[in-house]
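build me a structure from this.
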Amino acid sequence: MIVAVIPARGGSKRIPRKNIRPFAGKPIMAYSIEAARACGLFDRILVSTDDVEIADTARRFGAECPFMRPAALADDYTGTNEVAAHAVDWLIRQGNRVDYACCIYATAPFVRPSDLIHGYERLKRSGKDFAFSVTSFGFPVQRAIRLVADGVEPLFPQWIESRSQDLEDAYQDAGQFYWGRAEAFLANLPLYSSHSVPIVLPRHRVQDIDTLEDWRRAELMHAAMKAAGSALDE
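I've put the predicted structure just below:
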């Protein structure tokens with residue numbers, strides 16, 4: 001069995017009710033459910049939540065909520081691996097064999113079926129345990145600065161005068177999806193390690209959404225993509 005797990009707890013603080021907040025006409029979580037359904041890979045699409053309203057919304061858009069996530073896994077410190085492992089373990093206890101799982105964030109309105117397919121295929125070819133979305137930083141992280149009481153100072157003084165082209169490219173977790181072998185999630189193997197292969201996405205299709213400013217930026221990006229049509233498909 002191949003399963004999608006969409007974590008969507010009810011207690012988001014910086015953006016209240018974030019996982020079902022309307023985004024371009026529908027609850028933001030709907031985009032993740034629809035991408036999972038459209039890619040055609042998943043035998044089951046589960047939303048892991050502790051919230052009745054979120055569960056009802058998930059079912060309305062075609063996902064399952066066969067259990068309510070325990071409170072111990074619904075706080076501010078619970079990680080992606082733990083939520084996916086809980087869902088995989090629940091399925092196994094129900095008598096299912098789970099081979100692969102993909103954890104898709106509920107606030108990923110730019111996730112695409114083609115990227116989910118590519119991630120699955122790359123994971124199988126690689127022989128690794130995980131494959132997850134990443135994107136490049138738009139500015140060399142080695143030349144970052146910090147604000148201090150009397151002005152600014154470089155985070156990495158040894159590189160602050162270096163040319164951009166002479167510095168190593170850096171990447172960040174794109175916060176969209178995390179493919180993994182079921183046993184890797186259950187064993188809680190480290191994601192940011194040699195266990196993983198990256199799925200590189202273009203920066204114009206990535207926006208982490210943690211604050212209201214992030215949300216507004218994502219809305220503007222979505223409107224621009226919609227206006228441009230196929231021009232921004234890649």
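
please count neighbours and contacts with C-alpha atoms only from this point.
OK.

wait, residue 23 sits on residue 221?
No: applying Cα atoms under 8 Å as the test, residue 23 and residue 221 come out as separate, 11.7 Å apart.

higher neighbour count, these two?
Using other Cα atoms under 10 Å as the criterion, residue 23 and residue 221 rank with residue 23 on top: 20 against 17.

residues contacting residue 182?
85, 88, 98-101 (Cα atoms under 8 Å, 6 or more residues apart in numbering).

and the two most separated of those?
Across those, no pair lies farther apart than 85 and 99, at 12.2 Å, counting by Cα to Cα.

for these two, indicate the residue with more neighbours.
Counted by other Cα under 10 Å, residue 85 and residue 99 do not tie: residue 85 has more neighbours, with 21 against 13.

could you list the buried residues of stretch 12-22?
Buried residues in stretch 12-22, counting neighbours by 16 or more other Cα atoms under 10 Å, are found at 17-20.

and what of stretch 66-83?
Residues 69, 73-74, 80-81, 83 are the ones in stretch 66-83 that count as buried (16+ other Cα under 10 Å).

and of those, the nearest to residue 154?
For those, the nearest to residue 154 is residue 80 (32.4 Å; Cα to Cα).

give me phi/psi at the closest one?
Phi and psi for residue 80, reported as degrees, to the nearest 10, are phi -60, psi -50.

OK, contacts around it?
7, 103.

I'd guessed residue 141 sits against residue 168; true?
No: here residue 141 lies out of contact with residue 168, judged by Cα under 8 Å, at a distance of 9.1 Å.

who has more neighbours out of these two?
Higher neighbour count among residue 141 and residue 168: residue 141, with 18 against 10, using other Cα under 10 Å.
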